[in-house]
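Undergrad: A predicted structure for the sequence below; I have some questions about it.
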Amino acid sequence: MNTREIAILLWVFIIIILAIFFGRKNGVFKSFYGIAVAIKGLFLNPISIFVNGFNFLILIMIYTIMIKFNFNLSIWYIKDYLIILFFSIYPVLEILKNTPLKVLFTEKKKELITFAAIPLFISSTYTSSIFLEMILLFVIAILSMSIVFTAKDKETKAHNKFFYTMMAILGAFMIFMSTKQLIYNIYDILTLDFWLSFGLEIIVWVINIPVIFIAKMMINIENKIIFSSLDNKVFSYLKYYGIILFNRVKYRKFFSRDNNIKNYILNAKEISAIGGNRILIDLNVENISDHILLVLTFDAIYGKNNHTGITNMRGKYPNVVEIRNSKSDEIGLWEDHFLDKKWKRNDLRSLCRKLLINNIYRINNDSRG
């Protein structure tokens, strides 16, 4: 643990003490309690449990191998690993829903494998005395708040530039001091610890690539679990995704890429509704065959959108798909069998319908059952 990390812990301790002594009267203590509850909820949701569980097993496996082969690996690397996990991997989970994985990994590669990563590593590794680090952290906090407040109004634009300049000067000073420390300890570059510390964030990211892929899948079906009768647990996600994979194979003949099918569509959109999002497809014809109805429905169900052209903003997989003809009559309906009964349509039994496959119905509007 370097002096900057110790300084951060000391400031956190000071803030907690101040909150306890002065926060009870003005409600600050309750705010801290609310933050603690929110953090607890963040770490106990199924996606976080999966991410934490995977990385916990990885750490156990790594240190078991190190002990077996008598390789001396500092226990402090666990601390560094967890810092990267919580402050580099976790923030990514928040943007996964609306960010393609290709874009995410491209941006992260630019961030980690560039020349700019070198001064950042030096600055965070070779730190000053605890007292100086505490002062630097305090000044950085003041400058950061000043930048935020002065960025709001045009009248304070000049002040905003001043605070940005001061922050840049402070950053340059910290890099200078760290580089000076590195020169004094230049032989560190010949040690394994130096290069392991330098490449640790890249290592953690490589380890977590499959985790991010699976987390993306879990985020895509999160609304499915929330509006189902299943418990919001990791097993429920695995169960539903297993059904998705099975159906993709079973009904693969309906995943047609025939470009002519989209000519039947007048408009297709995603709608937020009680019980999760739904897809509404309006046709420019009065009737279509069962096969085309199934192709359009499966295209929407599994978020392919090859024919609808929809960009899913509320979740990749909808809970309801409705198809209407050129007269605005409903001719096709699908409701996920995972959907809890309280979210399902009450009028389904009154409709004259024919079950095609996989809970997909053709609706006959000429008569009522």
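TA: Nice, thanks for sending it over. On a predicted model such as this, the values are computed, not experimentally measured, just so you know.
Undergrad: give the contact list for the spatially most central residue of the chain.
TA: By Cα atoms, centre = their mean, the mean C-alpha position of the chain lies nearest to Leu93, the distance being 2.1 Å. Residues near Leu93 by Cβ atoms under 8 Å, 6 or more residues apart in numbering: 47-48, 51, 212, 215, 219. All C-beta atoms are positioned from the backbone trio N, CA, C, and that covers glycine.
Undergrad: what's the distance between it and Asp329?
TA: Using Cβ to Cβ, to the nearest Å, Leu93 is found at 43 Å from Asp329.
Undergrad: With Ile17 instead?
TA: Using Cβ to Cβ, Ile17 is found at 68 Å from Asp329.
Undergrad: got the domain boundaries for the protein?
TA: Listed by automatic domain parsing, the domain ranges of the chain are 3-218, 234-368.
Undergrad: Relative to Lys224, which of these is closest?
TA: The closest of the domains of the chain to Lys224 is domain 234-368. By Cβ to Cβ, the value is 5.6 Å.
Undergrad: Would you mark the buried spots in the biggest helix by length in the chain?
TA: The residue-count maximum for a helix in the chain (DSSP state H) belongs to helix 157-184. Residues 160, 163, 167, 174, 177-178, 181-182 are the ones in helix 157-184 that count as buried (16 or more other Cβ atoms under 10 Å).
Undergrad: Poorly predicted segments of this structure, please.
TA: 23-32, 273-276, 312-315, 346-351, 365-369 (pLDDT under 70).
Undergrad: just so I have it, where are all the strands in it?
TA: Secondary structure of the chain, counting by DSSP state E: strands at 265-271, 278-283, 320-324, 330-335, 351-355, 360-368.
Undergrad: Packing partners of the second one?
TA: Using 3 or more Cβ pairs under 8 Å, 6 or more residues apart in numbering; DSSP states H and E as the contact criterion, the neighbours of strand 278-283 among helices and strands are strand 265-271, helix 290-301, strand 320-324.
Undergrad: re earlier: out of the contacts of Leu93, which are buried?
TA: Neighbour counting with 16+ other Cβ under 10 Å marks 47, 51, 212, 215, 219 as buried within these.
Undergrad: one step back: any chance of CSV for the domains of the chain, columns distance to Ile226?
TA: Putting those into CSV (distance: least, Cβ to Cβ, whole Å) gives the following:
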stretch, distance to Ile226
domain 3-218, 11
domain 234-368, 7
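Undergrad: most tightly surrounded among those?
TA: domain 234-368 (a mean of 16; mean count of other Cβ atoms under 10 Å).
Undergrad: before we move on, back to that, with distance to Tyr251 as extra columns, can I get the buried ones among the contacts of Leu93 in JSON lines?
TA: Shown next, in JSON lines, are these (distance: Cβ to Cβ, whole Å):
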{"residue": "Ile47", "distance to Tyr251": "28"}
{"residue": "Val51", "distance to Tyr251": "31"}
{"residue": "Ile212", "distance to Tyr251": "28"}
{"residue": "Ala215", "distance to Tyr251": "26"}
{"residue": "Ile219", "distance to Tyr251": "24"}
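Undergrad: Helices - which of these land there?
TA: Judged by DSSP H, helices contain the following of these: 47, 51, 212, 215, 219.
Undergrad: out of the residues you listed, who's nearest Leu230?
TA: Nearest to Leu230, judged by Cβ to Cβ, of those is Ile47 at 15.2 Å.
Undergrad: so the closest one sits right up against Ile219, yeah?
TA: Yes. Look at Ile47 against Ile219 with Cβ atoms under 8 Å: they come within range, at 6.7 Å.
Undergrad: closest to Ser228 out of the domains of the chain?
TA: Between Ser228 and the domains of the chain, the shortest gap by Cβ to Cβ is with domain 234-368, which sits at 4.2 Å.
Undergrad: so how far is the closest one from its chain's centroid?
TA: With Cα atoms, centre = their mean, to the nearest Å as the basis, domain 234-368 stands 26 Å off its chain's centre.
Undergrad: And for stretch 75-95?
TA: Stretch 75-95 sits 14 Å away from the centroid of its parent chain (Cα atoms, centre = their mean).
Undergrad: Next, the distance between the ends of it.
TA: End-to-end span of stretch 75-95 (Cα to Cα, to the nearest Å): 31 Å.
Undergrad: give the contact list for the residue nearest to Leu85 when sequence neighbours are not counted.
TA: Nearest residue to Leu85 in three dimensions, chain neighbours excluded: Asn55, at 5.7 Å (Cβ to Cβ, 6 or more residues apart in numbering). Applying Cβ under 8 Å, 6+ apart to Asn55 gives the contacts 81, 85, 207-208, 211.
Undergrad: Now flag whichever of those is closest to Leu293.
TA: Among the contacts of Asn55, Val211 lies closest to Leu293 (Cβ to Cβ), at 38.3 Å.
Undergrad: The closest one touches Ile49, doesn't it?
TA: No. Taking contacts as Cβ under 8 Å, Val211 lies outside contact range of Ile49: 11.9 Å.
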